[in-house]
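1. Sharing a sequence plus its predicted fold:
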Amino acid sequence: KERNQNCSVFPFFVMTGRRRFVNGFVWVWTDVGESGDGGYDCRGEKRRGEVIIEDGKIAHVSVVGEQHQVKQDVEEEKPEVVDEDEEVIDLEGATIFPGLQDAHLHVGILGHYMQRIDLSKCTSIRELLETMCVGEKQITNKKTWCVGVNFDHEKLKEKRWPSRQELDSISTTREVFCFRVCVHIVVGNSKGLESMGIPLVGNQDSNQDSNNDSESTNTLIEYDESGEATGLLKEAECYKVSHKLETDISFETLCDQFEQGLRQCMEFGTTCVQTNDAKGWKVYQHLLKENRLPIRVHLTVLFDELGSSFAPSNPTIVSNNNGDNGDDMLRCERVKVFADGSLGAETAALSIPYRCKHTTHSTCSHSEYSAIVNESVENDCNVNDDSDVDAIAGDDFDDDEESGELSAKKPRARSTSTNTNSATTATVSKQQKRTTGLGILNHARSQLERMVRTSHSAGFQLEVHAIGDKAAEEVVRAFKKIGLMKKDRPILTHCQVLREDILEMMAAQKVIANIQPSFVVTDANWVRKRLPKRLLEWSYVWKTMRKLGIPCSGGSDAPVETSNPLQGMYDAIFRNVPHDSDKQLDNEQQDTIQKRFKEEERLTFAEALHLYTLGASYAGKSENRRGRIAVGYDADFTIIKEDVVNHPHLLRDVTPMQVWVAGKRRDTKASTSN
């Protein structure tokens, strides 16, 4: 064994000869549908057996089932004879799973966030401000911006965003920004808005928007009724802040951040990431050249990067070694388009308006909401009558927490804060309520079709972010109009809010559903309060998708959710609604008594594993070399000591025993054992 001297951070080891894994179990797919493309009948099991790998590939698999034994060999020779150059690895009863993959995340942002102020634990505006103050005092460079990340206003006691004036209490001489966990919303202080060229006072028409088909600057910068900026920036305006932060970072720092993000994924057992990273192409090429890629990377570039130095001119696979296949450590074959925003920010594009009572900065009466729904009818937004008006009416109605139904109640009196240390909650004009009530479509139909056509003509696979049903409808129709077929593997990412007709179109066109199971847990406590009942019926329907034959892959959307694929599997299997009392119960008790969000949509262990193995491989066009433990496939393994197959509740707290990529052990424990 010898250390690879070219690696500056990760203790990768180059070992010659064959390696034999013995005294353990092997996961075997017994039925995965046609080409493993996410067919509904997805079954598998763990069987006692052994695996031999050589030159980064699986050379031999021998497993014993209940009634029979299966053997696969590259050569006719008997693999039971241990070669003197062969290393024997004792699994000690552990199970070899196909290497887990994350089909959608943001590695660059994940690494970047490790160097920012973490606001994920904050439960009130006061705690958020105190955390930001502590972080600001630790910044020595006067020109460095103070940036907080991962706050969720739904978890704050006040159920609202912080305001510009509140962030001014942290600093008036330094730019201060707080990013919501979805990264579609950011709130800035006065200095921050000024540095971004945003007026603190808008004109009387600042909230007017004559075009409801796509986003406009007027709807992305929030002003209150007096015309003052609240500090809230949405979508494209939020991305401008992110871009500004990225341009101030050196290339080497950027490389370090990406590498840190990859390392975190690897430690969770991930062997391949399909990542969306702005300006990532040069970074990943540099990391590959310096042997600093611990796991495989499938990069998805932004549409705006096509034709620039930030993207290859053609779909590209890069390897670190020669040969017919190479090690396939880096790919860039996909283009990303954002069709809408997020549910938490109320910028995901819906066909029926959001329920107004949980719009943080606005108020809405039942009569006003009726007018909004009626306007949706006139605009052909799939609302055929007024039956949903009462069911999604806002403050005149409350949720039945057990059933998710709504019950009438007397109107509440609104309290007005007299605390001089906090800003008054802003309200937006009726015109903006109308516009934001349906969320935001980032592109007009013709523009979206042009982007799909341009990417497809250049030979790239399409991945389109669509959370709301209106956005999903526009995307699937664009796929069909441009002529994308099963062989093109078009991807609809997130797929949180859909409709029956959209699901039927996706099944017919074989559009891949790139889903994030952990969204169910995060959103379960508030999604009933935000979505109209008619749309809730077809939301987060992972099991239904599989029944319809829609190919599915699993991702995390990290850093929005944890980059741990085992947690994603757990959430796909259990769909638990979190409660404070969970901390007093052990895992098995929690999984027995927990309230579950749409329990009928729970997946089996095999289905959940499929999302992060064969399903992800299919989405990444690599199902013929990854996702199975089979001869000729890449030697990418996630080895787990615990019996998570028969006791899936253990998934939440499991740490992989070993992680192998391209026939090399990659986890940091390898350096200690060596």
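-> Good, I have the coordinates. Residues are numbered from 1 along each chain as shown.

2. Now the residue most central in space within the chain. Nearest residue, chain neighbours left out?
-> The structure's the chain has its C-alpha centroid closest to Asp557; by Cα atoms, centre = their mean the separation is 1.6 Å. Spatially, and ignoring its direct neighbours in sequence, Asp557 is nearest to Gln516 (4.8 Å; Cβ to Cβ, 6 or more residues apart in numbering). Any C-beta I mention is one placed from the backbone N, CA and C, and that applies to glycine too.

3. If we go by neighbour counts, what in stretch 484-499 is buried?
-> 484, 488-499 (16 or more other Cβ atoms under 10 Å).

4. Including pLDDT, secondary structure and distance to Gln264, could these go into a markdown table?
-> Shown next, in a markdown table, are those (pLDDT from 0 to 100; DSSP: H, G, I helix; E, B strand; the rest coil; distance: Cβ to Cβ, whole Å):
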| residue | pLDDT | secondary structure | distance to Gln264 |
| --- | --- | --- | --- |
| Leu484 | 97 | coil | 33 |
| Asp488 | 97 | helix | 32 |
| Arg489 | 97 | coil | 27 |
| Pro490 | 98 | coil | 29 |
| Ile491 | 98 | strand | 24 |
| Leu492 | 98 | strand | 27 |
| Thr493 | 98 | strand | 21 |
| His494 | 97 | strand | 22 |
| Cys495 | 96 | coil | 25 |
| Gln496 | 96 | coil | 25 |
| Val497 | 97 | strand | 29 |
| Leu498 | 97 | coil | 31 |
| Arg499 | 97 | coil | 36 |
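
5. and which of the residues you listed is nearest Ser617?
-> Lowest distance from Ser617 to the buried residues of stretch 484-499 (Cβ to Cβ) belongs to Arg489, with 11.1 Å.

6. all strands for the stretch 201-350 of the chain, in order.
-> Assigned strands in the stretch 201-350 of the chain, in chain order: 221-223, 229-234, 270-276, 296-302, 316-318, 330-338 (criterion: DSSP state E, counting those that start in this stretch).

7. Highest mean neighbour count out of those strands?
-> Of all these, strand 270-276 has the most neighbours on average by mean count of other Cβ atoms under 10 Å, namely a mean of 28.

8. quick one: average confidence on that one?
-> Averaged over strand 270-276, pLDDT sits at 98.

9. Now do that strand against strand 296-302, angle only.
-> Angle, strand 270-276 to strand 296-302, by axes from the mean of the first three to the mean of the last three Cα atoms, to 10 degrees: 10 degrees.

10. hmm, back to that, just send the strands of the stretch 201-350 of the chain back as JSON lines, with distance to Ile89 too.
-> JSON lines is the format used below for the strands of the stretch 201-350 of the chain (distance: least, Cβ to Cβ, whole Å):
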{"stretch": "strand 221-223", "distance to Ile89": "57"}
{"stretch": "strand 229-234", "distance to Ile89": "51"}
{"stretch": "strand 270-276", "distance to Ile89": "17"}
{"stretch": "strand 296-302", "distance to Ile89": "21"}
{"stretch": "strand 316-318", "distance to Ile89": "29"}
{"stretch": "strand 330-338", "distance to Ile89": "27"}
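
11. can you give me the strands in the stretch 501-650 of the chain?
-> Under DSSP E, counting those that start in this stretch, the stretch 501-650 of the chain gives strands at 512-515, 552-554, 637-640.

12. how about these in CSV, adding mean pLDDT and distance to Glu136?
-> What follows is those, written out as CSV (pLDDT from 0 to 100; distance: least, Cβ to Cβ, whole Å):
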stretch, mean pLDDT, distance to Glu136
strand 512-515, 98, 37
strand 552-554, 97, 38
strand 637-640, 98, 40
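
13. and those strands as a markdown table, adding distance to Glu259 and mean neighbour count?
-> Below are the strands of the stretch 501-650 of the chain laid out as a markdown table (distance: least, Cβ to Cβ, whole Å; neighbours: other Cβ atoms under 10 Å):
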| stretch | distance to Glu259 | mean neighbour count |
| --- | --- | --- |
| strand 512-515 | 25 | 28 |
| strand 552-554 | 24 | 29 |
| strand 637-640 | 20 | 26 |
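
14. how about those strands in a markdown table, adding distance to Leu193?
-> Listed next are the strands of the stretch 501-650 of the chain as a markdown table, based on distance: least, Cβ to Cβ, whole Å:
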| stretch | distance to Leu193 |
| --- | --- |
| strand 512-515 | 34 |
| strand 552-554 | 38 |
| strand 637-640 | 45 |
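
15. Looking at those strands, spot the one closest to Lys480.
-> Per Cβ to Cβ, nearest to Lys480 of those: strand 512-515, 14.5 Å.

16. Which residues does that closest one contact?
-> With contacts defined as Cβ atoms under 8 Å, 6 or more residues apart in numbering, strand 512-515 is touched by 38, 103-104, 463, 489-495, 506, 542, 545, 550-555, 611, 618-619.

17. residue contacts, the residue nearest to the centre of the chain?
-> His104, Leu105, His106, His494, Gln516, Phe519.

18. Repeat that for Gln496.
-> So Gln496 contacts Leu343, Ala348, Ile467, Gly468, Phe519, Asp523, Ser539, Tyr540 (Cβ under 8 Å, 6+ apart).

19. Pull up the gap between it and Leu302, please.
-> 21 Å (Cβ to Cβ, to the nearest Å).

20. now do Thr493
-> Using Cβ to Cβ, Thr493 is found at 13 Å from Leu302.

21. Excluding sequence neighbours, find me the nearest residue to Glu54.
-> Nearest residue to Glu54 in three dimensions, chain neighbours excluded: Arg18, at 4.4 Å (Cβ to Cβ, 6+ apart).

22. which one's the longest helix in this protein?
-> Counting by DSSP state H, the longest helix found in the chain is helix 251-267.

23. In CSV, list the C-alpha atoms belonging to it.
-> C-alpha atoms of helix 251-267 as CSV (Å, rounded to 0.1, in the frame of the first residue of the first chain):
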residue,chain,number,x,y,z
PHE,A,251,-10.3,30.7,-7.3
GLU,A,252,-8.3,28.7,-4.8
THR,A,253,-10.8,29.5,-2.0
LEU,A,254,-13.6,28.5,-4.3
CYS,A,255,-11.8,25.2,-5.0
ASP,A,256,-11.4,24.6,-1.2
GLN,A,257,-15.1,25.2,-0.6
PHE,A,258,-16.2,22.8,-3.4
GLU,A,259,-13.8,20.2,-2.0
GLN,A,260,-15.2,20.6,1.5
GLY,A,261,-18.7,20.1,0.2
LEU,A,262,-17.7,16.9,-1.6
ARG,A,263,-16.0,15.7,1.5
GLN,A,264,-19.1,16.1,3.6
CYS,A,265,-21.1,14.2,1.0
MET,A,266,-18.5,11.4,1.0
GLU,A,267,-18.5,11.0,4.7
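
24. Next, the buried residues of that helix.
-> In helix 251-267, counting by 16+ other Cβ under 10 Å, buried: 254-267.

25. ok, now stretch 596-615?
-> Applying 16+ other Cβ under 10 Å to stretch 596-615 flags 596-598, 601-615 as buried.

26. That one: end-to-end distance?
-> 24 Å (Cα to Cα, to the nearest Å).

27. do the same with stretch 597-604
-> Start-to-end, stretch 597-604 (Cα to Cα) is 15 Å.

28. next one: that stretch to chain centre, how far?
-> Between the centre of stretch 597-604 and the centre of its chain there are 19 Å (Cα atoms, centre = their mean, to the nearest Å).

29. The spatially closest residue to Ser190 that is not a sequence neighbour: what's it in contact with?
-> Leaving aside its sequence neighbours, Ser190 sits nearest to Asp168 (Cβ to Cβ, 6+ apart; 5.4 Å). By Cβ under 8 Å, 6+ apart, the residues touching Asp168 are Val176, Asn189, Ser190, Lys191.
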